[in-house]
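1. pasted the sequence and its predicted model underneath.
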Amino acid sequence: MINNTEVLKFLSKFSFKPELANYVGIEREHFLRSVSNGLLTPMSMEFLKTIKNKAWTYELSACQVESRTKPKKDQSSINLELLANENRGSAIANKLGVELLNTEVGPEDMVLDVYPNPRYLRIVKSISMERLRAACRVAGTHIHIGVRDIGHAIRLNNALVAHLDKLCAVGDHSCGERLRLYNIVTQNCQVSTYDSIEHLFEVSREEGFTENPRDCWKMIRISIHGTVELRMFGATEKIDEIMYWISLIKQVAKEVA
Amino acid sequence: MSEKEMLDEFKTQAKQLIKERERFEDKSGKLTVGLESEIAIHGHCNLSELVQKRDKVIELNSDCTDVELGASQIEIRTPPVDLIKKRGVERMIRIYEESFKKVLSSAQDQGVGVLRVGSNPFLPIRNTPRTNKPKYHMVPDFYNRNRDPKLDTTIGLGKHRIDIGDAAIVSLFQSFQINLGAKSLEDACDKMNRSLVIAPYLLAFTGNARYLNFLDTNIQDSRMLSWQKSHDTRVFCDTKFSDLRIPSWEKSFDIRNSTTGAWDNELRVGLPGRYFKNIKDYLDRAGSFPFILHSPESALAIAIGMTWLDARVKFIGDSAIVELRLLSTQPTVNEEMLLTLLYVGRLNYSQIHNEPLLPISLVRENRLSAMLFGKKRPMWFLNHQQKPVKISAKEGIKVELKRAVEGLEHLDLLKHLNRDLLDLVLIQGSPSDRLAEELKNKKHISIQDMEDALIKTNMLLS
């Protein structure tokens, strides 16, 4: 039995912005590699202190940083922001004696230092070494596409789920290794389609993300930012490849617009 | 089979050209420059009348004009002129002005006007009329066939989204090209690499391709952006899912070995993935694309002709010529002469100081920023210690212009720089800005509105 108040409380955690429907935002995870010894190095805090830029943030692994773009509609302006982030990030990395490495799977023996964020420290305490290693080793490109409201979010989620295998294939540069590791990390990354808002709520209860939708680790998820987020794409050196992925997603989004 | 034949011939011709490198050595000390400026005719007539009138204008001015892809386009060209010879610049200005006046007069006699704008806002963006020559059908059609239909080909930073996905759209765009003689193949390669760096700085204050189909793209210069998007047939990964794969000529022909190395999967238009090591490297890249046309005896010329980079090297007779291609046609001959001198001066500065090349990833950002926003966003420049810094484009361009001035002074050409015009251009804003200012209060732009605005900004002469 679903309580309407509970559903409304759940929905209130999502912040939909109709004016940003079909806008696209990108999160790019990058490893930090020492120039001197070629090893991944836990310098995310130094990097972020030096770059002092809101487009850059931390990740669970202290060997990774994330760059992100503002929501944009035009692909060329997304492209420009990705270029700007990459160039600025590379310049700062260079100052620190490291480089941004856009590979989607880190080496098995990489250091497992965690960025000292309370949420991450809590997560790390509760997971096995195998999961921590897997979490540190994967780096992806997450694409957000803005939706008007929860109905639009569900329709777009469902439409994208139909293309999951293809999207996973185009975003893979490691013969599936990153997605295998991702499965170890999240354990509930399987996508879902939803028949209704109530169904989404039911799934959230079953899978434990009612209180905090950020705990939904599905490969395609409805994010609290009012977007549908696709998490199956690997890290890539090629910004034009990200542009191509965006084109594919927008093509699907057009069908449910 | 024809692609293989073309590639074999291309390789033979490229090898021969490099073997004969001494042929391209020019020890005359000249600074030879030739200009090509594309314009379009505009009038209230149907397409076939427009083509007839265009052809008539060309026929009457066959010594200084040529056809282009677009059915309304005319290319005005000057012969090569040695700028550092006594009265060289004056001679160039006189020739170019006379040619333009003749073309304008012929157009007026035909009852049409002349558009000096980077993007023709009057003609349709789908099935854009093309000159009736086989190559002008085969090449755009090839790209229309081979581009993934899923690619997002809409552009626009404002309320209008404009689909530029028909490769024939390039026939709406007019460019201004500066051709500069090189002293040798090595010098040509060096000049080309440096030109790739310089071009976005010039573009940042000269954007002139903002309106398409009567709509405001809000983009300073949509010309190369549209060209790139409509001619993008790259493949990023073989997914084994045919419905998601970009149709690939490489796969369908499967005739090439992997010797193209680092030049694999390049975009034919714009900026190369890296700088060129030498002319062989440049030719390797030129030969890595489909030839599309079949004429084995002209394989090298065809490959170079379709090298749609921001700067390229051409070979004409015994001359190696560097061509700057990123800039749109400017509203006046004087503005184009101003740009010519700034380019020549800035390039000379770069060569005499043996300036390091800005990392190409920074050039890529500069170029896109200049195309989208002109000089309204920060760009990367080399500081006085020759280190890359990202600063306000307005400030950086001031320094770039000082460098151009120093380069002109070194060539003893500074006296020809029209500083008043330069100041005016910097104050008034780019031609795109000027046109947008005229049209800013129009919700729906009519033919009359567009004509009035273009006349007021010197971009339509009738």
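-> Noted; the coordinates are in hand.

2. what's the burial count for the residue of the stretch 1-150 of chain B found nearest chain A?
-> Here the stretch 1-150 of chain B gets closest to chain A at one residue, B:K150, 4.6 Å apart by C-beta to the nearest C-beta. Quick note: C-beta positions are derived from backbone N, CA and C, even for glycine. The tally of other residues near B:K150 (other C-beta atoms under 10 Å in any protein chain shown) stands at 18.

3. give the helix, strand or coil label for the nearest residue to it once chain neighbours are set aside.
-> Leaving out its chain neighbours, the residue that sits closest to B:K150 by C-beta to C-beta, 6 or more residues apart in numbering or on different chains is A:Q251, at 4.6 Å. Secondary structure assignment for A:Q251 (DSSP: H, G, I helix; E, B strand; the rest coil): helix.

4. what pLDDT does the closest residue to chain A within the stretch 301-450 of chain B get?
-> Per C-beta to the nearest C-beta, B:E365 is where the stretch 301-450 of chain B lies closest to chain A, at 4.2 Å. Confidence at B:E365, expressed as pLDDT, is 98.

5. give the contact list for it.
-> Contact partners of B:E365, counting by C-beta atoms under 8 Å, 6 or more residues apart in numbering or on different chains, are A:80, A:83-84, A:87, B:379-380.

6. which SS state does it fall under?
-> Quick answer, by three-state DSSP: B:E365 is helix.

7. quick one on the thing from earlier: sec struct for the residue of the stretch 1-150 of chain B closest to chain A, please.
-> Three-state assignment for B:K150 (three-state DSSP): coil.

8. now the element after the lowest-mean-pLDDT helix or strand in chain B, going C-ward?
-> Lowest by mean pLDDT, DSSP states H and E among the helices and strands of chain B is helix B:249-253, with a mean of 36. Sequence order places strand B:269-270 as the next helix or strand after helix B:249-253, per DSSP states H and E.

9. circling back to that earlier point, secondary structure, distance to B:R145 and pLDDT added to the contacts of B:E365, as a markdown table?
-> Output for the contacts of B:E365, formatted as a markdown table (DSSP: H, G, I helix; E, B strand; the rest coil; distance: C-beta to C-beta, whole Å; pLDDT from 0 to 100):
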| residue | secondary structure | distance to B:R145 | pLDDT |
| --- | --- | --- | --- |
| A:L80 | helix | 29 | 98 |
| A:L83 | helix | 30 | 98 |
| A:A84 | helix | 34 | 98 |
| A:N87 | helix | 35 | 98 |
| B:M379 | strand | 37 | 98 |
| B:W380 | strand | 37 | 98 |
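
10. by neighbours, which of the residues you listed wins?
-> Most neighbours among the contacts of B:E365, by other C-beta under 10 Å: B:M379, with 27 neighbours.

11. now stretch A:3-14, how far from the chain's geometric center?
-> Taking C-alpha atoms, centre = their mean, to the nearest Å, the mean C-alpha location of stretch A:3-14 is offset from the chain mean by 24 Å.

12. list the contacts of that stretch.
-> Contacts for stretch A:3-14 (C-beta under 8 Å, 6+ apart): A:150, A:153, A:197-198, A:201, A:204, A:210, A:212-213, A:222-224, A:226.

13. can we see that at 10 Å?
-> Stretch A:3-14 is contacted by residues A:2, A:147, A:149-150, A:153, A:197-198, A:200-202, A:204-205, A:209-214, A:222-227 when judged by C-beta atoms under 10 Å, 6 or more residues apart in numbering or on different chains.

14. just the buried ones from the residues you listed?
-> Buried members of the contacts of stretch A:3-14, counted by 16 or more other C-beta atoms under 10 Å in any protein chain shown: A:147, A:150, A:153, A:197, A:200-202, A:204, A:209-210, A:213, A:222-223, A:225-227.

15. which ones among the residues you listed are found in helices?
-> In helices, judged by DSSP state H, the following of the buried ones among the contacts of stretch A:3-14 are found: A:150, A:153, A:197, A:200-202, A:204.

16. which members of these are the farthest-apart pair?
-> Greatest spatial distance among those (C-beta to C-beta): A:A153 and A:E202, at 15.8 Å.

17. residues near B:L17, how many?
-> 18.

18. please, which helix or strand holds it?
-> Per DSSP H and E: helix B:2-19 holds B:L17.

19. now that helix: buried residues?
-> So for helix B:2-19, counting by 16+ other C-beta under 10 Å, buried means B:3, B:6-7, B:9-11, B:13-14, B:17.

20. likewise stretch B:398-411?
-> Of all the residues in stretch B:398-411, those buried under the rule 16+ other C-beta under 10 Å are B:400-401, B:403-408, B:411.

21. distance between that stretch and the chain's centre?
-> With C-alpha atoms, centre = their mean as the basis, stretch B:398-411 stands 23 Å off its chain's centre.

22. so for that stretch, mean pLDDT?
-> Mean pLDDT, stretch B:398-411: 98.

23. please apply the same query to stretch A:230-242.
-> For stretch A:230-242, the per-residue pLDDT averages 96.

24. one more: stretch A:68-77?
-> 96.

25. same check, this time on stretch A:163-177
-> 96.

26. quick one: end-to-end length of that stretch, please.
-> 20 Å (C-alpha to C-alpha, to the nearest Å).

27. what about it, near chain B?
-> Yes: if you take C-beta under 10 Å from any C-beta of the partner chain as the test, stretch A:163-177 does meet chain B, through A:163, A:165-173.
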